[in-house]
Every structure is written in C-alpha cells, then in structure tokens.
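# predicted structure and sequence below. I'll ask about it afterward.
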Amino acid sequence: ERERERHTATFQFSSSSFVQVLVNLAFFLIASIADAGSISAENHAAAMSEFAYDGQVFVPRRLCAACLRLKPARSKHCGLCGTCVRRCDHHCYWINNCVGWSLFLCRRIAPFFFFFF
C-alpha cells in the first residue's frame, strides 16, 4: 500500500512539472514571436495619443532620427529590430525581441496562469 502511494505521488509531481514546463515554453514562444508594439504608418496616429508628454524626458514634436516620424511619448527606436516601439523597455537577447507595450500586457497576465499550478 505504501509503495503504491509513493508511485502515485511521484506521478502527480512529474505530471504537474511537465505541465509547468509546457506553460513556460508557451510563454517563451509567445514573447519571442509577438509584436512588441511596433509603430508603423498605420498605427502612428493612435500611438501619438496613447501617452501624454511630460515635457522633460518626453518632449512633443521630436522626430525619430531613424524613422523620420514624430516620436510618440514613451517610445524608443530599437536599432536591432529597426523600428520604433511603444513603451519600449529594452531589447532582450534571450527572446530576440523588444520588451515593449504588448509584452508588458503578457507579463501582467502570466502570473495568473501560474497561480493554478
């Protein structure tokens, strides 16, 4: 009886660990593939009105030197991706993608999934 309980506990632990690894891999792939919040000609107007300028760090009417478009507040041009990114934090070499507005949303949602495991 005790031997059976030990094998059952081992199976439950290994199956939950396997599920956690799959969930982590899924989030890694999502972060690697997802658009970090790139600013294009189509969404430039929406990005301009998304965040307010503070007048100190984020000054209105400043041009991005690479894109030659008005730079939205809290955006940054990534030299590795070759595009301006909304609310860009940094370019992450682990996921080979910028950590920007879209990935901030994923980071806020992800802990709720781990709560159930």
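Looks like it arrived, so ask away.
# could I get the full set of strands for the protein?
Residue ranges of the strands in the chain, as given by DSSP state E, are 75-78, 83-86, 90-92, 97-99.
# and the first one, what does it pack onto?
Think strand 75-78. In terms of contacts (3 or more CB pairs under 8 Å, 6 or more residues apart in numbering; DSSP states H and E), strand 75-78 is packed against strand 83-86. C-beta here means a position set from N, CA and C on the backbone, and glycine is covered the same way.
# about what we covered before: now the strands of the chain as CSV including mean pLDDT?
Supplementary listing: the strands of the chain in CSV, determined by pLDDT from 0 to 100:
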stretch, mean pLDDT
strand 75-78, 92
strand 83-86, 90
strand 90-92, 88
strand 97-99, 87
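# figure out which of those strands is closest to Asn24.
Ranking the strands of the chain by their distance to Asn24 (criterion: CB to CB) puts strand 90-92 first, at 15.5 Å.
# pass me the low-pLDDT residue ranges in this protein, would you?
Low-confidence segments of the chain, defined by pLDDT under 70, span residues 1-15, 103-117.
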